[in-house]
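Peer 1: give me coordinates for this.
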Amino acid sequence: MTSTAQASEPGARTAHPDHLGHVIFIAAAAAMGGFLFGYDSSVINGAVEAIRGRYDIGSAALAQVIAIALIGCAIGAATAGRIADRIGRIRCMQISAVLFTISAVGSALPFALYDLAFWRIVGGFAIGMASVIGPAYIAEVAPPAYRGRLGSFQQAAIVIGIAISQLVNWGLLNAAGGDQRGKLMGLEAWQVMLGVMVIPAVLYGLLSFAIPESPRFLISVGKHDRAREILAEVEGDKIDLDARVAEIENAMKSEHKSTFKDLLGGSFFFKPIVWIGIGLSVFQQFVGINVAFYYSSTLWQSVGVDPTDSFFYSFTTSIINIVGTVIAMIFVDRIGRRPLALIGSVGMVIGLALEAWAFSFDLVDGKLPAAQGWTALIAAHVFVLFFALSWGVVVWVFLGEMFPNRIRAAALGVAASAQWIANWAITASFPSLADWNLSFTYVIYTAFAALSIPFVLKYVKETKGKALEEMG
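Peer 2: This is a model prediction of the structure:
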């Protein structure tokens, strides 16, 4: 790095914007892609039994229809980096919003099961794009002193999307008399649930017109004056703007547009840093976090809650998720990313191990014994809490920060794609695993939570407080 860049680094690290509220708005708008993911992943759960009944399919086929959106997510994530480098981060967000809007309408009005599956793939592609662009964009516009907290907006948006979709589903279900196939506005209730996704999709598109392009992308296409204006907005005009532009430009001079080929190298196909990103993504999903949401209503039933009420009571899991995410947002820039990840891993091991123990007992009259039922319920909430305050947030922050500039977009795309594939594997396999042996299923998740500890200790480096130009 040149002397100019070195001189400007301390200013970059300590830069404080004059209008922090504006920077928060920018990050929140970009994180709306996370809201779409959270909303979509949870809203489909309100339609599961209705889809099973309408199309008369078994658990295995149903799981594939539910999980197939994640394949679209993987494709979208893998291609978003190149698209964003060609046309910009904002245009990429707008394409994602349009595709998700179309998929919401298609999902609400399917004429066959394969048609529903197709629209879920389209929606998944849009979410996959947004999942890459959101963290990358936030990392590029956020001042280093606030980058961890602003980067955590992605996960905050996901958990809020989950919570709001559960409330919307509950309200629509009650309006339809408690029947997922009850009539609402001339459609079945589950169709309305999926159609409501048009609202956040349109909002995401509108917000994308209210935020600026990434200064790093602008510099890459020669728009230096506009880049200075945006840097002044997000880092404050008290820093040396010319020096900041020079720092970014010098870091990019020896670079070219990141492609998949740039990620190759090392002894195992990809560069080591890319494998670390893939590892973070896979561990985040292989602890079985999505199962906690898919299975929450059943957990309530296992301790005696009436099935018709369990749908609403499972909302408590989302509240715990939000609380944990807020904790992470408070501490991610104070104690760092690695310590939070390690704390979370230990907590998840405890919660998952207790769940595995509880579910090893036989059901009595369709329910776990009282002690084991309550243990399973409390342990599930402990697991969600520790995931939310750690891996739920820090993985998105790490992926937005950890890669060198020259490969950031492409590497983030591959890592996010791996995350969606891992998500699909867990979502699609859980019904069969649970039917086989639910307790051992949780043993598997516990093992992955335990393995995440040495992985972080050995391979993951702290990124707290560093300028993006220092990565690599």
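Peer 1: strands along this structure, start to end?
Peer 2: Ranges of strands in the chain, per DSSP state E, are 183-184, 187-188, 264-268, 270.
Peer 1: out of these, which gets the lowest mean score?
Peer 2: When these are ranked by mean pLDDT, strand 264-268 comes last with a mean of 63.
Peer 1: and the next helix or strand past that strand?
Peer 2: Downstream of strand 264-268, the next assigned helix or strand under DSSP states H and E is strand 270.
Peer 1: report the distance from that next one to the chain centre.
Peer 2: 23 Å (C-alpha atoms, centre = their mean, to the nearest Å).
Peer 1: stretch 385-401 too?
Peer 2: 9 Å.
Peer 1: quick one: mean pLDDT over it.
Peer 2: For stretch 385-401, the mean pLDDT works out to 87.
Peer 1: which parts of it are buried?
Peer 2: Within stretch 385-401, the residues that qualify as buried are 385-401, counting by 16 or more other C-beta atoms under 10 Å. C-beta here means a position set from N, CA and C on the backbone, and glycine is covered the same way.
Peer 1: what do you get for stretch 373-385?
Peer 2: Buried residues in stretch 373-385 (16+ other C-beta under 10 Å): 373, 375-385.
Peer 1: burial measure for the closest residue to A376 other than its chain neighbours, as a count.
Peer 2: Spatial nearest neighbour of A376, excluding adjacent residues (C-beta to C-beta, 6 or more residues apart in numbering): A358 at 3.7 Å. A358 sits with 25 neighbouring residues when counted by other C-beta atoms under 10 Å.
Peer 1: list the contacts of A358.
Peer 2: Neighbour list for A358: 368, 372-373, 375-376, 379 [criterion: C-beta atoms under 8 Å, 6 or more residues apart in numbering].
Peer 1: what about it, distance to Q64?
Peer 2: 29 Å (C-beta to C-beta, to the nearest Å).
Peer 1: check what pLDDT I95 gets.
Peer 2: Looking at I95, the pLDDT reads 95.
Peer 1: gap between the residue nearest to it when sequence neighbours are not counted and A74?
Peer 2: Of all residues not flanking I95 in the chain, M129 sits nearest, at 6.9 Å (C-beta to C-beta, 6+ apart). Distance, M129 to A74, by C-beta to C-beta: 11 Å.
Peer 1: shaky segments in the stretch 251-400 of the chain?
Peer 2: 251-268, 293-313, 366 (pLDDT under 70).
Peer 1: re the thing from before, what about the contacts of A358, which are in helices?
Peer 2: 372-373, 375-376, 379 (DSSP state H).
Peer 1: turn these into TSV, including distance to Q419.
Peer 2: What follows is those, written out as TSV (distance: C-beta to C-beta, whole Å):
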residue	distance to Q419
Q372	32
G373	32
T375	30
A376	27
A379	25
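Peer 1: and which of those is nearest to L352?
Peer 2: A379 (7.5 Å; C-beta to C-beta).
Peer 1: that closest one touches G347, doesn't it?
Peer 2: No - with contact defined as C-beta atoms under 8 Å, A379 does not reach G347; the gap is 10.6 Å.
Peer 1: thinking again about what came up before, just the buried residues of stretch 385-401: which are in helices?
Peer 2: 385-388, 391-401.
Peer 1: burial count for the closest residue to V397 other than its chain neighbours?
Peer 2: The shortest distance from V397 to any non-neighbouring residue, by C-beta to C-beta, 6+ apart, is to G151 (4.0 Å). Counted with other C-beta under 10 Å, the neighbours of G151 add up to 30.
Peer 1: and G151, how far from A27?
Peer 2: Distance from G151 to A27, by C-beta to C-beta: 8 Å.
Peer 1: any common contacting residues for those two?
Peer 2: Common neighbours of G151 and A27 (C-beta under 8 Å, 6+ apart) are 138, 142.
Peer 1: roughly how far apart are the residue nearest to I95 and I199?
Peer 2: 19 Å.
Peer 1: the more surrounded of the two?
Peer 2: A count of neighbours by other C-beta under 10 Å puts M129 above the other of M129 and I199, at 31 against 13.
Peer 1: is the more buried one in contact with G76, as I believe?
Peer 2: Yes - between M129 and G76 there is a contact under C-beta under 8 Å: 4.3 Å.
Peer 1: list residues touching both of these two?
Peer 2: Common contacts of M129 and G76 (C-beta under 8 Å, 6+ apart): S96.
Peer 1: quick one: contacts of stretch 201-214?
Peer 2: Residues outside stretch 201-214 that contact it (C-beta under 8 Å, 6+ apart) are 25-26, 29-30, 32-33, 35-36, 88-90, 93-94, 96-98, 100-101, 104, 126, 130, 137, 140-141, 226, 229-230, 233.
Peer 1: please list only the buried members of these.
Peer 2: Among the contacts of stretch 201-214, the ones that count as buried by 16+ other C-beta under 10 Å are 26, 29-30, 32-33, 35-36, 88-90, 93-94, 96-97, 100-101, 104, 126, 130, 137, 140-141, 230, 233.
Peer 1: show me where pLDDT drops low in the stretch 1-150 of the chain?
Peer 2: 1-19.
Peer 1: go with 80
Peer 2: For the stretch 1-150 of the chain, the stretches with pLDDT under 80 are 1-20, 41-42, 44-49, 58-64, 66-67, 77-78, 81-82, 143-149.
Peer 1: could I get the full set of helices for it?
Peer 2: Shown for the stretch 1-150 of the chain, the helices assigned by DSSP state H, counting those that start in this stretch span residues 3-14, 20-30, 32-43, 48-55, 59-87, 89-108, 113-141, 147-151.
Peer 1: angle of the fourth one against helix 113-141?
Peer 2: When you say that, I think you mean helix 48-55. Angle of helix 48-55 versus helix 113-141, following axes from the mean of the first three to the mean of the last three C-alpha atoms, to 10 degrees, is 150 degrees.
Peer 1: swap in the fifth one?
Peer 2: Put simply, helix 59-87 runs at 40 degrees to helix 113-141, going by the same axes, to 10 degrees.
Peer 1: got the angle between helix 59-87 and helix 32-43?
Peer 2: With the same axes, to 10 degrees defining the directions, helix 59-87 sits at 170 degrees from helix 32-43.
Peer 1: report all helices and strands that helix 59-87 contacts.
Peer 2: helix 48-55, helix 89-108, helix 113-141, helix 215-220, helix 408-459 (3 or more C-beta pairs under 8 Å, 6 or more residues apart in numbering; DSSP states H and E).
Peer 1: the longest one: how far from the chain's middle?
Peer 2: The gap between where helix 408-459 is centred and where its chain is centred comes out at 14 Å by C-alpha atoms, centre = their mean.
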